[in-house]
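Colleague: Sequence and predicted model, in that order:
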Amino acid sequence: MRISVRDIQKLKTNGEPIPTLTAYDATSAYLGEAAGVPLLLVGDSLGMVVQGHQSTIPVTLEHMIYHSAIVVRATQKPMVVGDLPFMSYQLSSEQALVSSGRLMQEAGVNAVKLEGGETMASTIKRIVEIGIPVMAHIGLTPQSVNRFGGFRVQGREITSARQLLRDAQAVQDAGAFAVVLELVAAPLAEMITSRLDIPTIGIGSGAACDGQIQVFHDLLGLHPSFGPRHAKQFVNAGAAMEGALRQYVDEVKSRQFPTLENGFSMSDEVLATLQTESELV
Ligand code: KIV
């Protein structure tokens, strides 16, 4: 049985931190589950870390369904949340319902995530009403990076801080089961966390959030040239992998690899017979 929205809520009620991770394929999903992550997000950050784009904007609903289905297939226990990509839910509540339904029906996700606060509250309410759990996402919302003018900390001024408090309350009132706080000034994230009943999942928003979410590739150092301040690189796996691949290239070139142990033999008799025959077939 997978972890449910009730289990996630229980973690907040019991004061237990919620370690959340992005996953995009069978390997990241398997490793996340093996490490004991209760909640996997198939984030549209795949636009950057998997597809090599500069932002999440080019990601489509078809891409999200494809990757979400893989993560669902590769795991048994964690709750899997699928991100609604840019322009798959902003046009109308009807569009949001159709896109959420497709993610759930075609990929098998347990919930969807969308970006936006007060302005998305009525859409969240409609999606929740048809039985699809919604994780909200406020603060720095990457699909609007062009409006923010870059990846900047949110809520440092009184007007934007008040707006974030209203956004947080609005998504909770609309029925969201959790809310991601991205790049929200830490004291404000703490205030939001204490005022909400639903869990806050922070990224670059301080230690007081109920949970933390990080991008798989950032934690493992898979993109050595990219290290955002909000992420901790727990291992430099990218460097280790590159070193191993360089060794592979060297060993093939120097004929050190493969060895006899990496190959398969055949009987001397068959070989001897073949050697007496001159033709190839
Ligand atoms: O797309 C994503 O991976 C996200 C998380 C980083 C919150 O939205």
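Modeller: Yep, it's here.

Colleague: for the residue of the stretch 1-150 of the chain found nearest the ligand, phi and psi?
Modeller: Closest to the ligand within the stretch 1-150 of the chain is residue 43: 2.1 Å, counting by Cβ to the nearest ligand atom. Where you see a C-beta, it was placed from the backbone N, CA and C, and this is true even at glycine. Residue 43 adopts backbone torsions of phi -80, psi 150, taken as degrees, to the nearest 10.

Colleague: Quick check, it in contact with residue 22.
Modeller: Yes - if you go by Cβ atoms under 8 Å, residue 43 and residue 22 touch, sitting 4.3 Å apart.

Colleague: Common neighbours of these two, please.
Modeller: residue 215 (Cβ atoms under 8 Å, 6 or more residues apart in numbering).

Colleague: picking up where we left off before, who are the neighbours in contact with the residue of the stretch 1-150 of the chain closest to the ligand?
Modeller: Contacts of residue 43 (Cβ under 8 Å, 6+ apart): 22, 24, 83, 113, 215.

Colleague: JSON lines for those residues, including secondary structure, distance to residue 201 and pLDDT?
Modeller: What follows is the contacts of residue 43, written out as JSON lines (DSSP: H, G, I helix; E, B strand; the rest coil; distance: Cβ to Cβ, whole Å; pLDDT from 0 to 100):
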{"residue": "22", "secondary structure": "strand", "distance to residue 201": "11", "pLDDT": "98"}
{"residue": "24", "secondary structure": "coil", "distance to residue 201": "18", "pLDDT": "98"}
{"residue": "83", "secondary structure": "strand", "distance to residue 201": "13", "pLDDT": "98"}
{"residue": "113", "secondary structure": "strand", "distance to residue 201": "10", "pLDDT": "98"}
{"residue": "215", "secondary structure": "coil", "distance to residue 201": "13", "pLDDT": "97"}
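
Colleague: which among the residues you listed are in contact with the ligand?
Modeller: Contacts with the ligand within these, counted by Cβ under 6 Å from any ligand atom: 22, 83, 215.

Colleague: Any chance of CSV for the residues you listed, columns neighbour count and distance to residue 154?
Modeller: Compiled in CSV, the ones next to the ligand among the contacts of residue 43 are given as follows (neighbours: other Cβ atoms under 10 Å; distance: Cβ to Cβ, whole Å):
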residue, neighbour count, distance to residue 154
22, 27, 20
83, 31, 19
215, 25, 18
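
Colleague: Could you list the contact residues of this protein toward the ligand?
Modeller: Residues of the chain lying close to the ligand by Cβ under 6 Å from any ligand atom are 22, 41, 43-45, 83, 137, 180, 182, 203, 213, 215.
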